[in-house]
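Asker: with the sequence up front, the predicted model follows.
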Amino acid sequence: MKDVEERLGLTREKLVAMALLLGCDYLPKGVPGVGVERAVKLMNSLPSCNILERWGCLLGKLLNKLEQCFRAVLYLFCLLDWSKLI
C-alpha cells in the first residue's frame, strides 16, 4: 500500500473512491467518460478530506429526494378516481 501511495499519491480511501468512479461491484459500469487517467487526476486534485463520507452524504441526499418523489407519486396515485379512468 505504501508503494501505491508514493507512486500515485493516492491513499487507501482515494483508491476506493476511484474504484467507484471506474466500476466495481457496487457500481459495475462506473461513471461514463471517466477513465483511469481522469480518475487519478480527480483524486489527486481533491483535498485529503473524507471522500467516502462525502460520497455517502451525496447518495443519502439523492435517496431522500427519490423517496420524496415516490411519496408524491403515491399520494397522487391514491387521489385519482380510478372508476372514471377505466
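Answerer: Cool, got the structure.

Asker: quick one: low-confidence parts of this protein?
Answerer: Counting by pLDDT under 70, the chain has low-confidence residues at 48-49, 51-52, 55, 80-86.

Asker: all helices for it, in order.
Answerer: Remark: helices assigned in the chain by DSSP state H are 2-8, 12-22, 36-45, 51-79, 82-85.

Asker: which of the ones you listed is buried the deepest?
Answerer: Comparing the helices of the chain by mean neighbour count (mean count of other CB atoms under 10 Å), helix 12-22 ranks first with a mean of 17. Glycine gets a C-beta too; all of them are placed from N, C-alpha and C.

Asker: just the CA coordinates of it, formatted as CSV?
Answerer: Extracted in CSV, the C-alpha atoms of helix 12-22 (Å, rounded to 0.1, in the frame of the first residue of the first chain):
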residue,chain,number,x,y,z
ARG,A,12,-6.5,3.8,0.5
GLU,A,13,-9.6,6.0,0.8
LYS,A,14,-8.9,7.7,-2.5
LEU,A,15,-8.3,4.3,-4.2
VAL,A,16,-11.8,3.1,-3.0
ALA,A,17,-13.4,6.3,-4.3
MET,A,18,-11.5,5.8,-7.6
ALA,A,19,-12.9,2.2,-7.8
LEU,A,20,-16.4,3.6,-7.5
LEU,A,21,-15.7,6.0,-10.4
LEU,A,22,-14.2,3.3,-12.6
